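In: sequence? don't have it. structure:
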């Protein structure tokens with residue numbers, strides 16, 4: 001029996017991602033298992049989509065009633081559902097909300113593709129590919145500066 005629920009209280013089969021309020025920013029949090037199987041090409045496609053979602057959500061962060069401002073899940077029914085923090089959707093301009101949900105759906109489609117691709121590789125007996133993205137346990141700080 002599954003006890004995992006999304007922001008709307010619906011039964012969740014698999015959490016794909018969530019956007020969490022953190023300090024003055026918003027973190028895009030991927031399902032750990034999917035993140036471990038991430039492919040470089042998919043990662044590069046997801047980054048601008050997640051950034052666009054963060055930009056949009058940041059304009060409404062002060063209105064969120066929970067730390068999770070938006071989540072994307074596969075429900076027990078097999079359907080994908082994206083939910084905003086309770087009551088947040090009513091504050092969005094319709095076009096902006098539709099674009100946000102479209103970007104979230106595109107992210108979900110890419111994550112499902114990662115799972116399908118990994119499953120296919122395992123069925124074919126392939127070893128993990130070098131195209132996977134491996135994130136260091138302790139990433140070094142990125143130096144910011146300007147070129148002369």
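Out: Thanks, I have the structure now. What you see is a predicted model, and the numbers here were worked out from it, not measured in a lab.
In: Relative to residue 19, how far out is residue 27?
Out: To residue 19, residue 27 is 7 Å away according to Cβ to Cβ, to the nearest Å. (Each C-beta comes from the backbone N, C-alpha and C, glycine too.)
In: Point me to the residue sitting closest to the centre of this protein.
Out: In the chain, the centroid-proximal residue (Cα atoms, centre = their mean) is residue 17; its distance is 3.4 Å.
In: outside of stretch 94-105, which residues touch it?
Out: For stretch 94-105, the surrounding residues in contact (Cβ atoms under 8 Å, 6 or more residues apart in numbering) are 49, 52-53, 56-57, 70, 72, 80, 82, 89, 92.
In: Residue 27 pairs with what?
Out: Beta bridges link residue 27 to residue 20 when assigned by DSSP bridges.
In: wait, doesn't residue 63 sit right on residue 91?
Out: Yes - when contacts are counted by Cβ atoms under 8 Å, residue 63 is listed as touching residue 91 (5.4 Å).
In: Now the phi/psi pair for residue 33, please.
Out: The phi and psi torsions at residue 33 (degrees, to the nearest 10) take the values phi -70, psi -40.
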